[in-house]
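*Asks:* coordinates only, no sequence provided:
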């Protein structure tokens, strides 16, 4: 009972930190955007606009107010779930994010599936067969995925599989001229199934293959290295040696005693990787012309579109923080050795 109470207190303390962390992140974004060089009025009207037009637009956008008033208004809007209106398109930031975020999540899900399958399989085989060719390949994969620039890997895969072989489209989410199905969830594959439009499903899936494989392979080295090192370390533990001395089957030792104990570090790495993928695949999205949240963020920064940048960063930060807190709680629940 005492342990359950301590776990409950730990969960409450982690959840209580959520709004504080989001407030700090949101405030930093607000401050950094205001002190960064460039003026959103210049980005919208250009440098040749007269002073009257510039001042009129500044008043309309609320940029003429004192900074503290802008900050209070910004926080008040966030508390009420209002992310503001784009300075450039006059479109609600919520709508902009709702259009772009599902594309990034869809790409992240498939990339994680590919990286998990490839990385964990190679890492597992390398750990149980140290010094073999598969172990050597796993080490090279781990080093190579850190060293290869993402944009270079993306362009190389495009040249081979899209240009030379012509197996897959070079970029985009759908072919030119093909319209998206009526949006239900925002996820193109799922929406095409719900609308029973399998032509769009297969076409969008084909467009998803190259960017997800590229991102998945670049991440697979992290998973491969993590599993191999942790599994190799656990296989040297005394309790594993004791199990072997009692004549327990090797596969039972491996799958029953060794692999479950690699769960916690792998869970941590996977959770952090998933959360960072949501907004961290900028170079992949740009190279493949993937209409995700990363491209939207880049465009908003270039245009000095404060509300869009703030809204995207707040949403991405919220997802990252929530996933991190969920991982901490899961680890504390799974592992009784964790101190809380």
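*Replies:* Looks like it arrived, so ask away. The shown structure was predicted, so the numbers you read here are calculated from the model rather than taken from an experiment.
*Asks:* for the nearest residue to residue 289 once chain neighbours are set aside, give me its contacts.
*Replies:* Closest residue in space to residue 289, ignoring its immediate chain neighbours: residue 171 at 3.8 Å, by Cβ to Cβ, 6 or more residues apart in numbering. Every C-beta, even on glycine, is put in place using the N, C-alpha and C of the backbone. Shown in contact with residue 171 (Cβ atoms under 8 Å, 6 or more residues apart in numbering): 158, 162, 207, 287, 288, 289, 290.
*Asks:* any of those residues buried? List them.
*Replies:* 158, 162, 207, 287, 288, 290 (16 or more other Cβ atoms under 10 Å).
*Asks:* and this structure, what are its domains?
*Replies:* The chain breaks down into these domains under automatic domain parsing: 1-88+306-340, 94-108+153-212+226-302.
*Asks:* mind listing the helices for the stretch 1-150 of the chain?
*Replies:* In the stretch 1-150 of the chain, the helices defined using DSSP state H, counting those that start in this stretch lie at 2-35, 40-45, 51-61, 67-79, 93-128, 133-147, 150-157.
*Asks:* just name the most buried of these.
*Replies:* helix 93-128 (a mean of 21; mean count of other Cβ atoms under 10 Å).
*Asks:* quick one: mean pLDDT over that helix.
*Replies:* For helix 93-128, the mean per-residue pLDDT is 84.
*Asks:* what is the burial count for residue 268?
*Replies:* 16 (other Cβ atoms under 10 Å).
*Asks:* next helix or strand past the strand or helix carrying it?
*Replies:* Taking DSSP states H and E as the criterion, residue 268 maps to helix 263-280. Later in the chain than helix 263-280, the nearest helix or strand by DSSP H and E is helix 282-287.
*Asks:* quick check: buried residues in the very next helix or strand once past that following helix?
*Replies:* Counting by DSSP H and E, the next helix or strand C-terminal to helix 282-287 is helix 293-302. For helix 293-302, burial by neighbour count (16+ other Cβ under 10 Å) applies to 293, 294, 295, 296, 297, 300, 301.
*Asks:* next: stretch 253-273.
*Replies:* 253-254, 257-259, 261-262, 264, 266, 268-271, 273.
*Asks:* average pLDDT for it?
*Replies:* Mean predicted lDDT for stretch 253-273 stands at 72.
*Asks:* can you give me the end-to-end span of it?
*Replies:* 29 Å (Cα to Cα, to the nearest Å).
*Asks:* ok, which pair from the buried residues of stretch 253-273 is furthest apart?
*Replies:* 253 and 273 (28.6 Å; Cβ to Cβ).
*Asks:* if we can go back for a sec, of the buried ones among the contacts of residue 171, which is the nearest to residue 143?
*Replies:* Looking across the buried ones among the contacts of residue 171 and measuring by Cβ to Cβ, the closest to residue 143 is residue 287, at 22.4 Å.
*Asks:* contact partners for the closest one?
*Replies:* Here residue 287 is in contact with 150, 151, 154, 155, 158, 171, 211 (criterion: Cβ under 8 Å, 6+ apart).
*Asks:* how close does it sit to residue 173?
*Replies:* According to Cβ to Cβ, to the nearest Å, residue 287 and residue 173 sit 14 Å apart.
*Asks:* what does residue 52 give?
*Replies:* Counting by Cβ to Cβ, the gap from residue 52 to residue 173 is 42 Å.
*Asks:* same thing with residue 97?
*Replies:* 17 Å.
*Asks:* and if you look at residue 143?
*Replies:* The value you get for residue 143 to residue 173, if Cβ to Cβ is used, is 32 Å.
*Asks:* swap in residue 81?
*Replies:* 28 Å.
*Asks:* out of the two, which sits in the busier spot?
*Replies:* residue 173 (21 against 7).
*Asks:* and that one, its phi and psi?
*Replies:* Residue 173 adopts backbone torsions of phi -110, psi -20, taken as degrees, to the nearest 10.
*Asks:* could you pull up the residues touching it?
*Replies:* Per Cβ under 8 Å, 6+ apart, neighbours of residue 173: 103, 188, 204, 207, 208, 290, 291.
*Asks:* can you check the pLDDT for it?
*Replies:* 82.
*Asks:* could you do residue 159 as well?
*Replies:* 91.
*Asks:* and it, how many neighbours does it have?
*Replies:* 12.
*Asks:* same question, the one 4 residues further on
*Replies:* Here the neighbour count serves as a burial measure; for residue 163 (other Cβ under 10 Å) it reads 10.
*Asks:* repeat for residue 195
*Replies:* 15.
*Asks:* for whichever strand or helix holds residue 205, packing partners?
*Replies:* Using DSSP H and E, residue 205 maps to helix 198-234. Here helix 198-234 touches helix 93-128, helix 133-147, helix 150-157, helix 188-194, helix 263-280, helix 282-287, going by 3 or more Cβ pairs under 8 Å, 6 or more residues apart in numbering; DSSP states H and E.
*Asks:* mind listing what residue 125 touches?
*Replies:* 134, 135, 138.
*Asks:* cool, residue 94 as well?
*Replies:* 83, 311.
*Asks:* again with residue 34
*Replies:* Residue 34 neighbours (Cβ under 8 Å, 6+ apart): 67, 70.
*Asks:* again, but for residue 70
*Replies:* With Cβ under 8 Å, 6+ apart, residue 70 has these contacts: 30, 34, 62, 63.
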